[in-house]
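Undergrad: Model the following, please.
(chains A and B)
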Amino acid sequence: MYNKRPDNRKFDELREISAEVSVIPRADGSAMFKIGKTVAIAAVYGPKDLFPRFLRDPKKGILRCNYNMMSFSGSGERIRPGPSRRSKEISFITEKALSPVLDLTDFPGSVVDIFIELIQTDGGTRCAGITAAALALADAGFPMKDLVSAVSIGRIEDKIVVDVSKEEEDYEKGMADIPVAIMPRNGNITLLQMDGLAKPSELKEALKVAKRACEQIYKVQKDALKARYKK
Amino acid sequence: MSIVSNHIVNLLEKDIRMDGRKADEFRDIKIEYGISSKSAEGSARVTIGKTEVVAGVKMEVGTPYPDSPDEGTIIANVELLPLSSPEFESGPPGIESIELARSVVDRGLRESGSLDLKKLLIKKGEKSWTILIDVYSVNDDGNLADAVGLAALAAIKDAKFPKYDEKTEKIDYEQKTKKGIELNGLPMPVTVVKINDKYVIDPSLDEEKAMKSRLTVTSIENGSVCALQKGGNEPLTVEDVDMMVELGVKKAKELRKLFK
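TA: Numbering: from 1, shown residues only, chains lettered A, B, ... in the order given. This is a model prediction of the structure:
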């Protein structure tokens, strides 16, 4: 039985979240997203000509994501700088999570770059990165069908928990970690991964709570975009 | 020369800077400590105007170098992230970031003797602390050199040693002690650029493009210079160097007040 979360949260409770856009003036669009102690920043550059040329798509622009944890942002020893297998995979799935909402048909042959950096981490980094990146794309003014909101759901013993922290990820008796990204307006899923064991019924429950949690994240994202133009 | 650079040069003839600053005036500087306190042993964010960098310190236990068995090690790394400017590219650190890491952090901190490496020793010839400083640019609006130097220093000041068990030889990163890294002084970097025959500190991005030579002057409390790095394609005269060093040392005294 998993009766109490280490930080006393309810099982369906998110950590404190906040968002801000246009945090990097040099970029075409940028955003910061904090969830608990996990802090992600994202910057968008483009559209610009893509090189080498054979990578170009003559029908539309392509999206290129780069996820990176700063060397000091992990728990334990310093992370060696440069791409790792993990960061490459996360970059790739981030592209897949964002592409469905982004319409780049107006920019054939070009590339849009998104750089995601984690300054501090406490679980849920790929989800925080995706949420920040979606905001940065909107801040840059790209035509988008929707935003993308992401959260990591956990199955710990008999409970489904929302927004897994690092301490919960390392739960000694094992757990299932299920990062989910959702298009909030129609509820479609653009990222789904799982690490661990869960019954199909638990998975169903996880997706249900993910949708509710993403609705809360979506609200914070929208408020951040509106705040940009309120001044 | 671009229109903007031309404009900067023409205005400077009348002793006017594009953003209205005086020649020896910094933009607003802010230092925020502990921005990654969950993960890093020490961390800080420094903004100079719209230029922003973050720095973090990690500590590990390693073996001292054979030629200095009673000293610990300090390693600095600077990354000019493509996130921070359309002019920076992905990939391993380029020459600009290596120059920054070596000139501002390595020479400024280690060679100045401000950080006493002997205090990092655990057991002679066998064990000592290694201090790893990583500095990242977040937004480049000019004068990354000074921002990097200040951020590295702030992160070191913020750092606390994690608990180290000498028997099991393991570090418990979850538990920080109260012990910080002792500093004998605060080496302050001030970058002075020469545009035509005018000297200007804390160059903005546009001013960096208009300048032909620069000198980063790092100095310590008593006014001694502990590191110099000349940049740009044009030479400096002896008189230039005199003036620039004088300006750098004077402004360093003001910068130091930010750390008190």
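Undergrad: Test for you: state the pLDDT assigned to the nearest residue to B:Ile195 once chain neighbours are set aside.
TA: Once flanking residues are discounted, B:Ile195 sits nearest to B:Met211: 5.0 Å by C-beta to C-beta, 6 or more residues apart in numbering or on different chains. C-beta here means a position set from N, CA and C on the backbone, and glycine is covered the same way. On the pLDDT scale, B:Met211 is placed at 94.
Undergrad: next one: stretch A:2-11 to chain centre, how far?
TA: 23 Å (C-alpha atoms, centre = their mean, to the nearest Å).
Undergrad: er, stretch B:54-69 I mean
TA: Using C-alpha atoms, centre = their mean, the offset of stretch B:54-69 from its chain centre is 18 Å.
Undergrad: again, but for stretch A:171-182
TA: Its chain's C-alpha centre and that of stretch A:171-182 lie 15 Å apart, by C-alpha atoms, centre = their mean.
Undergrad: got the contact list for the residue most central in space within chain A?
TA: By C-alpha atoms, centre = their mean, the mean C-alpha position of chain A lies nearest to A:Ile130, the distance being 2.3 Å. A:Ile130 makes contacts with A:Thr94, A:Ala97, A:Leu98, A:Val148, A:Ala150, A:Ala181, A:Leu191, as judged by C-beta atoms under 8 Å, 6 or more residues apart in numbering or on different chains.
Undergrad: What helix or strand is the closest residue to the fourth one other than its chain neighbours located in?
TA: So that's A:Val148. Spatial nearest neighbour of A:Val148, chain neighbours left out: A:Ala134 (4.1 Å); criterion: C-beta to C-beta, 6+ apart. A:Ala134 is part of helix A:125-140, with elements assigned from DSSP states H and E.
Undergrad: Only C-alpha atoms, please: export that helix in PDB.
TA: C-alpha atoms of helix A:125-140 as PDB (Å, rounded to 0.1, in the frame of the first residue of the first chain):
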ATOM      1  CA  THR A 125      12.100  16.800 -17.100                       C
ATOM      2  CA  ARG A 126      11.000  15.600 -20.600                       C
ATOM      3  CA  CYS A 127       7.400  16.700 -19.800                       C
ATOM      4  CA  ALA A 128       8.600  20.100 -18.500                       C
ATOM      5  CA  GLY A 129      10.700  20.500 -21.600                       C
ATOM      6  CA  ILE A 130       7.800  19.700 -24.000                       C
ATOM      7  CA  THR A 131       5.500  22.100 -22.100                       C
ATOM      8  CA  ALA A 132       8.100  24.900 -22.200                       C
ATOM      9  CA  ALA A 133       8.800  24.200 -25.900                       C
ATOM     10  CA  ALA A 134       5.100  24.400 -26.900                       C
ATOM     11  CA  LEU A 135       4.900  27.800 -25.100                       C
ATOM     12  CA  ALA A 136       8.100  29.000 -26.900                       C
ATOM     13  CA  LEU A 137       6.600  28.000 -30.300                       C
ATOM     14  CA  ALA A 138       3.400  29.900 -29.500                       C
ATOM     15  CA  ASP A 139       5.500  32.900 -28.300                       C
ATOM     16  CA  ALA A 140       7.300  32.900 -31.600                       C
END
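Undergrad: Would you mind pulling up the elements that the helix ranked longest in chain A packs against?
TA: Longest helix in chain A by number of residues (criterion: DSSP state H): helix A:200-228. Packing partners of helix A:200-228 (3 or more C-beta pairs under 8 Å, 6 or more residues apart in numbering or on different chains; DSSP states H and E): strand A:17-21, helix A:125-140, strand A:149-156, strand A:159-162, strand A:176-183.
Undergrad: Can I get the third one as PDB, trimmed to CA atoms?
TA: When you say that, I think you mean strand A:149-156. The C-alpha trace of strand A:149-156 is given here as PDB (Å, rounded to 0.1, in the frame of the first residue of the first chain):
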ATOM      1  CA  SER A 149       0.800  20.100 -22.200                       C
ATOM      2  CA  ALA A 150       2.700  17.300 -20.700                       C
ATOM      3  CA  VAL A 151       2.900  15.500 -17.300                       C
ATOM      4  CA  SER A 152       4.400  12.400 -15.900                       C
ATOM      5  CA  ILE A 153       2.100   9.900 -14.300                       C
ATOM      6  CA  GLY A 154       3.300   7.100 -12.000                       C
ATOM      7  CA  ARG A 155       1.900   3.800 -10.800                       C
ATOM      8  CA  ILE A 156       3.300   3.200  -7.400                       C
END
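Undergrad: Name the next helix or strand downstream of the host helix or strand of B:Glu174, please.
TA: Assigned by DSSP H and E, B:Glu174 belongs to strand B:170-180. Following strand B:170-180 in sequence order, the next helix or strand is strand B:188-195 (DSSP H and E).
Undergrad: Look at the residue in chain A that chain B sits nearest to and tell me its secondary structure.
TA: Residue nearest to chain B within chain A (C-beta to the nearest C-beta): A:Phe72, separated by 2.7 Å. Under DSSP: H, G, I helix; E, B strand; the rest coil, the three-state class of A:Phe72 is coil.
Undergrad: For the closest residue to it other than its chain neighbours, name its beta-bridge partners.
TA: Of all residues not flanking A:Phe72 in the chain, B:Gly56 sits nearest, at 2.7 Å (C-beta to C-beta, 6+ apart). Bridge pairing for B:Gly56 (DSSP bridges) gives the partners B:Ser43, B:Asp134.
Undergrad: Which of the helices or strands spans B:Gly149?
TA: helix B:144-158.
Undergrad: Run the chain-centre distance for that helix.
TA: Remark: helix B:144-158 is offset 5 Å from the chain centroid, using C-alpha atoms, centre = their mean.
Undergrad: Only alpha carbons, please: show it as PDB.
TA: The C-alpha trace of helix B:144-158 is given here as PDB (Å, rounded to 0.1, in the frame of the first residue of the first chain):
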ATOM      1  CA  LEU B 144      29.400  37.600 -21.800                       C
ATOM      2  CA  ALA B 145      33.000  37.600 -20.500                       C
ATOM      3  CA  ASP B 146      32.200  39.700 -17.400                       C
ATOM      4  CA  ALA B 147      28.900  37.900 -16.900                       C
ATOM      5  CA  VAL B 148      30.600  34.500 -17.000                       C
ATOM      6  CA  GLY B 149      33.300  35.600 -14.500                       C
ATOM      7  CA  LEU B 150      30.700  37.000 -12.100                       C
ATOM      8  CA  ALA B 151      28.500  34.000 -12.400                       C
ATOM      9  CA  ALA B 152      31.300  31.500 -11.700                       C
ATOM     10  CA  LEU B 153      32.400  33.500  -8.700                       C
ATOM     11  CA  ALA B 154      28.800  33.700  -7.400                       C
ATOM     12  CA  ALA B 155      28.200  30.000  -7.800                       C
ATOM     13  CA  ILE B 156      31.500  29.300  -5.900                       C
ATOM     14  CA  LYS B 157      30.400  31.600  -3.100                       C
ATOM     15  CA  ASP B 158      27.000  29.900  -3.000                       C
END
